[in-house]
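1. next input, structure requested:
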Amino acid sequence: MTFYGFAKLVVNAFAHTFFRFRVVGAEKVPQTGGVIVAANHISNLDPPLLGIASPRPISYMAKKELFAMPALKQMLPHLHAFPVDRQAGGTAALRAALRMLKEGRVVGIFPEGGRNVTGTNEEKAGAAFLAAASGMPVVPAAIVGTRNLRPFGRVSVVFGDPLYVARNRQSGGDGLEKGAAEIMQRIRALEESTS
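-> This next block holds a predicted model:
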């Protein structure tokens, strides 16, 4: 068993022991090929919860500062995480993500750029860029119940229908902004339908 598989078993047991954890729409994640899973992000528990909800392993962008911590530096690569330098714009991470998508892997991304505890973060264009550049589908996902996390509270991960972001060189950045807005709207709609 891989370390990722072992970690998934542990987190799954934790989620089902301490929360009323449920997954809706996991079958909407395509079984093969490159896929982008784009989700909201409120709690530090969101990445592992999304990971156990997904029927396929997810590779995540994680802020490079986490890779400087001795314990995490060894563990994160085994959890399919790869570093993103947010100060430098994250171009190396985007290139790595594109390579993974072309290899047929699932890349997880949080369009708000990090934890959105206050609900005021604006969506970034990273997920839309990856979708447009790779031609791969985006599966929106809502993680609901982690804002006011409490033992035995309801926590849900809900996947939506895949969508594509068209590559339109004439529209330039406007096309990516529209794609990013649509992805975030789909995530918000899933949140509202589950709340």
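2. give me the phi and psi angles of Q31.
-> Backbone geometry at Q31, expressed as degrees, to the nearest 10, gives phi -70, psi -20.
3. gap between it and A13?
-> Counting by Cβ to Cβ, to the nearest Å, the separation of Q31 from A13 is 25 Å. Yep, even glycine has a C-beta here, placed from its N, CA and C like the rest.
4. and the two? Which one has more around it.
-> A13 (11 against 8; other Cβ atoms under 10 Å).
5. how about the lengthiest helix in the chain: buried residues?
-> What stands out as the longest helix in the chain, according to DSSP state H, is helix 173-194. Applying a neighbour-count criterion of 16 or more other Cβ atoms under 10 Å, one finds 175-176, 178-180, 182-184, 186-187, 190-191, 194 buried in helix 173-194.
6. pLDDT and distance to A38 for those residues - can I get that in JSON lines?
-> Listed next are those as JSON lines, based on pLDDT from 0 to 100; distance: Cβ to Cβ, whole Å:
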{"residue": "G175", "pLDDT": "75", "distance to A38": "17"}
{"residue": "L176", "pLDDT": "84", "distance to A38": "13"}
{"residue": "K178", "pLDDT": "89", "distance to A38": "15"}
{"residue": "G179", "pLDDT": "90", "distance to A38": "10"}
{"residue": "A180", "pLDDT": "90", "distance to A38": "9"}
{"residue": "E182", "pLDDT": "93", "distance to A38": "10"}
{"residue": "I183", "pLDDT": "94", "distance to A38": "5"}
{"residue": "M184", "pLDDT": "93", "distance to A38": "8"}
{"residue": "R186", "pLDDT": "96", "distance to A38": "8"}
{"residue": "I187", "pLDDT": "95", "distance to A38": "7"}
{"residue": "L190", "pLDDT": "96", "distance to A38": "11"}
{"residue": "E191", "pLDDT": "91", "distance to A38": "13"}
{"residue": "T194", "pLDDT": "81", "distance to A38": "16"}
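7. which of the residues you listed sits closest to L94?
-> L176 (12.0 Å; Cβ to Cβ).
8. gap between that closest one and G51?
-> Taking Cβ to Cβ, one finds L176 at 27 Å from G51.
9. same thing with L9?
-> Relative to G51, and taking Cβ to Cβ, L9 is found at 11 Å.
10. more crowded one of those two?
-> G51 (24 against 12).
11. list the contacts for that one?
-> A7, K8, V11, P57, I58, Y60, L79, G108 (Cβ atoms under 8 Å, 6 or more residues apart in numbering).
12. cool, V106 as well?
-> V29, G34, V35, I36, V37, S54, R56, P57, I58, S59.
13. at 10 Å instead, please
-> Residues near V106 by Cβ atoms under 10 Å, 6 or more residues apart in numbering: 29-30, 33-37, 51, 54-60, 80, 100, 136, 139.
14. now these: which count as buried?
-> 29, 34-37, 51, 54, 58-60, 80, 100, 136, 139.
15. now the two most distant members of the residues you listed.
-> Using Cβ to Cβ, those span at most 18.8 Å, a distance reached by G51 and M136.
16. let's have the contacts of G51 in JSON lines, adding pLDDT, distance to A71 and secondary structure.
-> Listed next are the contacts of G51 as JSON lines, based on pLDDT from 0 to 100; distance: Cβ to Cβ, whole Å; DSSP: H, G, I helix; E, B strand; the rest coil:
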{"residue": "A7", "pLDDT": "93", "distance to A71": "14", "secondary structure": "helix"}
{"residue": "K8", "pLDDT": "95", "distance to A71": "19", "secondary structure": "helix"}
{"residue": "V11", "pLDDT": "94", "distance to A71": "17", "secondary structure": "helix"}
{"residue": "P57", "pLDDT": "96", "distance to A71": "21", "secondary structure": "coil"}
{"residue": "I58", "pLDDT": "96", "distance to A71": "21", "secondary structure": "strand"}
{"residue": "Y60", "pLDDT": "88", "distance to A71": "17", "secondary structure": "strand"}
{"residue": "L79", "pLDDT": "89", "distance to A71": "12", "secondary structure": "helix"}
{"residue": "G108", "pLDDT": "95", "distance to A71": "21", "secondary structure": "strand"}
